[in-house]
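>>> Turn this into a structure:
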Amino acid sequence: MMTQIILAIIFVVMAIVILAGKGDWMIAGYNTASKEEKETVNVKRLRLILGILLLSISPLLFMLGDHSDKTTGLIFTGIVIVLTTVAVILANTWAKKK
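Okay, here's the model as predicted:
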């Protein structure tokens, strides 16, 4: 239970830093992209997508709680996979400059 609380707090702090515009260095792929590649990305939208993803996973960690049954873990994993998939799709479509 303590691990989930610590992870949830870390996710919330990371989301706040990213949404505040100070955490671009934490965005995997963006921080290592060349200047030309960075110009093709709407960084404000990318921050919003990743911030919302982190903020939506945080309460799930609290809800997971101390349940040790496999069903709860599978449901949690499924929700996280769906949220992450949606975030990746949005990051590669909506967050691109046209």
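>>> Run a quick neighbour tally on residue 28.
Neighbour count of residue 28, defined by other CB atoms under 10 Å: 7. The C-beta positions use only the backbone N, C-alpha and C, and glycine is treated the same way.
>>> helix, strand or coil for it?
The assignment at residue 28 comes out as coil when based on DSSP: H, G, I helix; E, B strand; the rest coil.
>>> got the phi/psi numbers for it?
Recorded main-chain torsions at residue 28 are phi -60, psi 130, according to degrees, to the nearest 10.
>>> any idea how far residue 14 is from it?
With the distance defined as CB to CB, to the nearest Å, residue 28 ends up 12 Å from residue 14.
>>> what does residue 31 give?
Distance from residue 31 to residue 14, counting by CB to CB: 14 Å.
>>> Show me which of those two is the more surrounded one.
Just comparing residue 31 and residue 14: by other CB under 10 Å the higher neighbour count belongs to residue 14, 17 against 11.
>>> So which residues lie in contact with the helix or strand harbouring the more buried one, not counting its own?
Element membership for residue 14 (DSSP states H and E) is helix 2-19. Contacts with helix 2-19, where a contact means CB atoms under 8 Å, 6 or more residues apart in numbering, come from 23-24, 26-27, 47-48, 50-52, 54-55, 57-59, 61-62, 64-65.
>>> buried subset of those residues?
Neighbour counting over the contacts of helix 2-19 (16 or more other CB atoms under 10 Å) leaves 23, 27, 47-48, 50-52, 54-55, 57-58, 61, 64 as the buried ones.
>>> and which of these is nearest residue 79?
Out of these, the one with the shortest distance to residue 79 is residue 57. That distance is 8.5 Å, counting by CB to CB.
>>> Determine the set of other helices and strands touching the helix or strand containing the closest one.
Secondary structure here is read from DSSP H and E; on that basis residue 57 sits in helix 43-64. Counting by 3 or more CB pairs under 8 Å, 6 or more residues apart in numbering; DSSP states H and E, the packing neighbours recorded for helix 43-64 are helix 2-19, helix 70-93.
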